[in-house]
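Visitor: Attaching a predicted model along with its sequence, questions to come.
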Amino acid sequence: MSGVAVREAGRLPYEVTSFVGRRQAATRVKRALSSSRLVTLTGFGGIGKSRLALHVAHDVRRAFSAGTFLVELANVRDPMLVPQAVAAALGIHDRSTRAPEAVLVDYLADKQVLLVLDNCEHLLGACSRLVAVLLAAAPRLRILATSREHLGIVAEQTWPVPPLSVPAGSDSSTSQQEGRPYQREALTLFEQRAAAALPGFTINEENEQIVARLCRRLDGIPLAIELAAVRVRVLSVGQILTRMENRFRLLTTGDRADDPRHQTLRAAVDWSYNLCNEHEKQLWARCSVFTDEFDLDAAENVCTGDGLTDDDVFAALAGLIDKSVLTRTEERTKTRYRMLETIRQYGHDRLTEAGAENALRCRHRDYYLHLAEQSDAESAGPHQAGWLARLRAERGNFWAALDYCFTTPGEASVGLRMVSALWFYWAAGDYLREGRMWLDRALALETEPTSQRARALWITGWIAHRQGDRDGALVLLNESRELARKLGDETEFTYATQFLGDREMWDNNLTRATQLLDEALARHRATGHWTGPALAIFSIRAQAAGLLGDLDRAMVLLHECRKICTELGERWRLSWAEWNMAITWWAAGDPTKAAASASRSLRNKRELNDLLGISDCVELLAWVAAAERNPERAAILFGALDKMWELIGTPLFGSETLLTWREQAKARAQEALTDTEYETARGQGTRMNREQTIFYALGEKPPPVEAAAASAPETEPVLTKREREVAALVTAGKTNKEIAADLVISQRTAEAHVENILSKLGFTSRAQVISWMTGQR
């Protein structure tokens, strides 16, 4: 159950517990995936669909040159968010107003990609429609889905996931199973998970038959086996079996029309629940309101009260981790927790039965509203990078909180507050499309003429402007300005004026733009309250000065911005001020100073993980390389930029001036090289990942020398020293019993090593291991 580690969104998680058994199943799924572009693994919760899908995806990842990506849908409740979830997994930050489906189609059209869509069952319609569109438009795309039901698409190949194999009652002894570990998958899983809970636990002649009976009684269901295995800390295997039998006798008095394996899993989860103390039961139910990972602070704020103190929550969390109800992950210096969807749904059922669902969802909403408003209050301080990382990690919970606000009568005003307070996440995190969607929804539902609405209007107008929706931005900003004027709200009036000036500048209405911007700047200076959006006035006004040919005025404004940002410890607006300085120096004909400013900006952008800003900085450094007669470096950077702009959409804000400078720099590099030399260098850039690109652009690390080294994100599977010893003995033709004797280990341990070797290497037979070992020599 605790089988994966923290990773970047969309990237396949690393397996931190061994993948047990399923070799034949994995082979058949891979075979299905080779002949069908859509394979759906079906089965009820707890059968192991997700783990099998991820294992297969790991095994075949090298066949997909553009990558394999995991789209986790368990925390998505709104069908409209399915395309957004896929785009997020792929790392797409398209800023336009195009439909998300169209963005995905364009991006995937010619790419060899494997998408793993996990937990589709509650979004079948949305998933089916999107999958059909993507498969039709992207001929090299393959999709591996998991769902309790099939998606119902013509091209779909459905593959029901079977339980783990369990030896028959008369065929479970070790001696009878020699060379057939695939018939003992359930026993192997039990042994490994039990050994993790109680170091030194092994299956031996004394307990083997009891473990086999227990695994048969649990129908080989992985989740049920794992829940039972952790009990070896306090009970013998025989005691576990007895208690489970009692649980089954109670259960079979229920609905006999139920699938027996559903009953089995329900019995196992029921038993785990009933072995919890009262505080653990309460926390299990209350934690079901978290649709994604959460931390201790969230648990204490949302789940305390009505009989639970902070100390109770802490103790109950530890208890639920010990019982494998919760899993823990490490994220930088903070521990986070999550539930498998099957376990979460069970807790949600208990919460509903107790009549506490609405109260807990209100607490959940209040906590995430507080978190959003705290991030807003600290958005111009020294902790911006930490806040962006925190907000990204809580994305699923913010979705759930906003969904509650916009589907519950009387809650839309709270949703408007929350979605406005998240402006820093939408803008600095470059989630403009997502923010626009939530803001539009909030404004449609909450129409009262309040200061909060005036604020939401200018934030939406700002985002619309950055998306290139100039007409929409004009309507929104004018409405915000007029409403703020009527309400006498000087703060919101100032912001609306500022961004209306920005919008007018991009329409080349420079006289009107400078009037609005100078009015806003004077108002900000009068208050001295420098928020992130307020600090943007310096870059916007400097751009206007630059367009009017007043480069000295532009530089004075940007230096003032840099001074204020440095005093505040603010880095996001500082990085944009530095970038605008770079552009100003470039316009003034000084590429050396332009490069220095762009490099300073890029270092800040790297810390903030600002893809748009990183791309803008690398652009300017590519221009400088071309200007300074280093065409190969320029071509490498342009190649890296091709990949980055593909994730963002229109380069350089669609500015005609900036795009002209880009084409001039590219032409200069192309003229200095032969076609072959340019394409070779550009291809080298396309093979660099984002981190390599930044290092190279800053001159901190040379580009990768060999294409293979640049393009291979992972190394070949590595066997441990002991596994190599076992593989060598397999190559020598020895049986598991002989291997155990040679290495002085139990036969079951030898079998487990062989199982792990086959799993790591993606093999299904000892003969393949022999062939692989021979090739390693």
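Guide: Sure thing, it's come through. Numbers count the residues shown, from 1 in each chain.

Visitor: Can you give the domain ranges for the chain?
Guide: Domain segmentation of the chain under automatic domain parsing yields 23-160, 175-273, 276-355, 625-711, 721-776.

Visitor: What are the boundaries of the helices in the stretch 1-150 of the chain?
Guide: Using DSSP state H, counting those that start in this stretch, the helices assigned to the stretch 1-150 of the chain run over residues 23-35, 49-60, 82-90, 100-108, 124-137.

Visitor: What's the mean pLDDT across the fourth one?
Guide: Model confidence over helix 100-108, given as mean pLDDT, is 93.

Visitor: Buried residues, the host helix or strand of Leu214. List them.
Guide: Per DSSP states H and E: Leu214 is located in helix 208-217. Under the neighbour-count criterion of 16 or more other CB atoms under 10 Å, helix 208-217 has 208, 210-217 buried. Where C-beta positions appear, they are placed from N, C-alpha and C, glycine not excepted.

Visitor: Would you reformat the residues you listed as TSV and include pLDDT?
Guide: Formatted as TSV, the buried residues of helix 208-217 follow (pLDDT from 0 to 100):
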residue	pLDDT
Glu208	92
Ile210	93
Val211	94
Ala212	93
Arg213	92
Leu214	92
Cys215	92
Arg216	90
Arg217	88
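
Visitor: Out of these, flag the one nearest to Cys276.
Guide: Ranked by distance to Cys276 (CB to CB), those are led by Leu214 at 20.3 Å.

Visitor: Once you drop chain neighbours, what's closest to the closest one?
Guide: Leaving aside its chain neighbours, Leu214 sits nearest to Leu241 (4.6 Å; criterion: CB to CB, 6 or more residues apart in numbering).

Visitor: Could you tell me how far stretch 470-489 lies from the centre of the chain?
Guide: Distance, stretch centre to chain centre, for stretch 470-489: 35 Å (CA atoms, centre = their mean, to the nearest Å).

Visitor: Can you give the contact residues for stretch 539-553?
Guide: Stretch 539-553 is touched from outside by 498, 501-502, 505, 508, 510, 513-514, 517-518, 521, 554-555, 557-558, 561, 573, 576-577, 580, 583-584, 587-588, with contacts defined as CB atoms under 8 Å, 6 or more residues apart in numbering.

Visitor: Surely Leu612 is in contact with Gly429?
Guide: No. Counting by CB atoms under 8 Å, no contact exists between Leu612 and Gly429, whose distance comes to 9.9 Å.

Visitor: ok so, going back, of the contacts of stretch 539-553, buried ones?
Guide: If we count by 16+ other CB under 10 Å, the contacts of stretch 539-553 have these buried: 498, 501-502, 505, 513-514, 517, 521, 554-555, 557-558, 561, 573, 576-577, 580, 583-584, 587.

Visitor: Can you tell me how far Glu121 is from Glu208?
Guide: With distances taken as CB to CB, to the nearest Å, Glu121 is found 37 Å from Glu208.

Visitor: Hmm, I typed the wrong one, I wanted Tyr367.
Guide: Distance from Tyr367 to Glu208, by CB to CB: 49 Å.

Visitor: likewise Ala526?
Guide: Ala526 sits 81 Å away from Glu208 when distances are taken as CB to CB.

Visitor: Help me confirm that Asp742 comes into contact with Val730.
Guide: No. Counting by CB under 8 Å, Val730 is not a contact partner of Asp742; they are 11.3 Å apart.

Visitor: Who has more neighbours out of these two?
Guide: Comparing Asp742 with Val730 by other CB atoms under 10 Å, the one with more neighbours is Val730, at 22 against 14.

Visitor: Can you give the contact residues for the one helix or strand the more buried one maps to?
Guide: Assigned by DSSP H and E, Val730 belongs to helix 721-731. Among residues not part of helix 721-731, those counted as contacts by CB under 8 Å, 6+ apart are 719, 738-739, 742-743, 750, 753-754, 756-757, 760, 766, 769-770, 772-774.

Visitor: Check stretch 317-333 too.
Guide: For stretch 317-333, the external contacting residues (CB under 8 Å, 6+ apart) are 1-2, 4-6, 193, 226-227, 230, 233, 272, 275-277, 279-280, 283-284, 287, 293, 296, 299, 335-340, 343, 389, 393.

Visitor: could you redo the last one with a cut-off of 7 Å?
Guide: Applying CB atoms under 7 Å, 6 or more residues apart in numbering, the set of residues contacting stretch 317-333 from outside is 1-2, 5-6, 226-227, 230, 272, 276-277, 280, 283-284, 293, 299, 335-339, 343, 393.

Visitor: Dump it to PDB, keeping only the CA atoms.
Guide: The C-alpha trace of stretch 317-333 is given here as PDB (Å, rounded to 0.1, in the frame of the first residue of the first chain):
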ATOM      1  CA  LEU A 317      -2.400   9.400  12.600                       C
ATOM      2  CA  ALA A 318       0.500   7.300  13.900                       C
ATOM      3  CA  GLY A 319      -2.000   4.500  14.500                       C
ATOM      4  CA  LEU A 320      -3.500   4.600  11.100                       C
ATOM      5  CA  ILE A 321      -0.100   4.600   9.500                       C
ATOM      6  CA  ASP A 322       0.800   1.500  11.500                       C
ATOM      7  CA  LYS A 323      -2.400  -0.200  10.300                       C
ATOM      8  CA  SER A 324      -1.600   0.800   6.700                       C
ATOM      9  CA  VAL A 325      -4.800   2.900   6.400                       C
ATOM     10  CA  LEU A 326      -2.700   6.000   5.700                       C
ATOM     11  CA  THR A 327       0.500   6.100   3.800                       C
ATOM     12  CA  ARG A 328       3.200   8.700   4.300                       C
ATOM     13  CA  THR A 329       5.400  10.500   1.800                       C
ATOM     14  CA  GLU A 330       8.300  12.900   2.300                       C
ATOM     15  CA  GLU A 331       8.200  16.300   0.500                       C
ATOM     16  CA  ARG A 332      11.300  18.300   1.200                       C
ATOM     17  CA  THR A 333      11.300  18.700   5.000                       C
END
